[in-house]
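J.: Make a model of this:
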Amino acid sequence: MAKIKLGKGSPGLDMTPMVDLAFLLVTFFMLTASVRVSEPVVIDSPSSTSERLLPDNVIMVTVDTKGKAYFNISNPEVRVKTLEKMGQQYKVAFTDAEKKRFGGMTSFGVPMASLKKYIAMQDPERAKAGSPGIPLDSLHPELGDWINFGRIEAARQAKAQKEKAESVGRSFKYEPLRFAIKADGQANYISVKDVIKVFTDRDIYRFNLITNLEDGGAAK
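T.: Numbering: from 1, shown residues only. Predicted coordinates:
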């Protein structure tokens with residue numbers, strides 16, 4: 001009896017599951033990714049051997065090589081509330097759109113009179129325009145007001161969150177607000193001293209000094 005020869009077919013690979021997985025990953029990253037906003041100034045911090053990490057709930061003042069001061073609040077909600085208080089203090093009205101955009105920004109270094117224009121700019125425009133720094137002298141204590149209002153609004157938010165948690169029988173863990181100074185290694189000592197005085201004039205005597213690890217890693 002003659003044998004029946006079966007035809008040899010080339011092996012097949014079903015790519016459908018792999019394609020589905022690829023699309024799921026792309027969708028996940030699109031939904032969870034956030035736009036990275038560039039910093040208005042690049043700081044080369046002095047090195048140290050400290051490995052303490054910067055806390056999440058922080059108010060940070062950055063000092064560049066020319067001694068100009070920049071301000072940032074890590075909490076977006078507190079950041080917006082602080083903007084509202086500063087607007088009331090300096091008679092500058094901000095729209096809801098401006099507040100929302102400001103809440104997603106990073107450090108900034110412009111006086112209140114220029115802040116609306118600065119918020120409306122795109123990152124390339126801000127980089128081109130430059131930043132004159134936030135005034136901090138006794139005649140124009142804007143930096144001190146930013147710090148003070150930021151501290152008040154952070155405490156107010158913490159109190160509201162605690163009351164909300166207690167009303168439903170949940171425990172509340174609050175990370176205290178910290179203060180930090182990030183100065184360029186080439187910044188003038190007097191400029192850093194002036195920023196420290198802004199803190200101490202408001203009875204803030206404990207703050208982090210941001211540095212880089214001597215082996216090249218980041219330390220805060």
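
J.: show me where pLDDT drops low in this protein?
T.: Residues of the chain meeting the criterion pLDDT under 70: 1-15, 18-20, 23, 25-55, 212-220.

J.: residue boundaries of the strands in it?
T.: 47-48, 58-63, 69-73, 178-183, 208-209, 211-213, 218-219 (DSSP state E).

J.: of all the ones you listed, which lies closest to I196?
T.: When these are compared by CB to CB, strand 178-183 sits nearest I196, at 7.0 Å. Yep, even glycine has a C-beta here, placed from its N, CA and C like the rest.

J.: hang on, the earlier thing: got the strands of the chain as a markdown table, with mean neighbour count and distance to R79 columns?
T.: Listed next are the strands of the chain as a markdown table, based on neighbours: other CB atoms under 10 Å; distance: least, CB to CB, whole Å:
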| stretch | mean neighbour count | distance to R79 |
| --- | --- | --- |
| strand 47-48 | 14 | 28 |
| strand 58-63 | 24 | 10 |
| strand 69-73 | 23 | 4 |
| strand 178-183 | 20 | 15 |
| strand 208-209 | 16 | 19 |
| strand 211-213 | 17 | 25 |
| strand 218-219 | 15 | 23 |
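
J.: Output these in a markdown table, with distance to R202 appended to each entry.
T.: Output for the strands of the chain, formatted as a markdown table (distance: least, CB to CB, whole Å):
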| stretch | distance to R202 |
| --- | --- |
| strand 47-48 | 26 |
| strand 58-63 | 11 |
| strand 69-73 | 14 |
| strand 178-183 | 10 |
| strand 208-209 | 16 |
| strand 211-213 | 24 |
| strand 218-219 | 27 |
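
J.: And A113, how far from S191?
T.: Using CB to CB, to the nearest Å, A113 is found at 22 Å from S191.

J.: Which of these two has more residues huddled nearby?
T.: Using other CB atoms under 10 Å as the criterion, A113 and S191 rank with S191 on top: 20 against 11.
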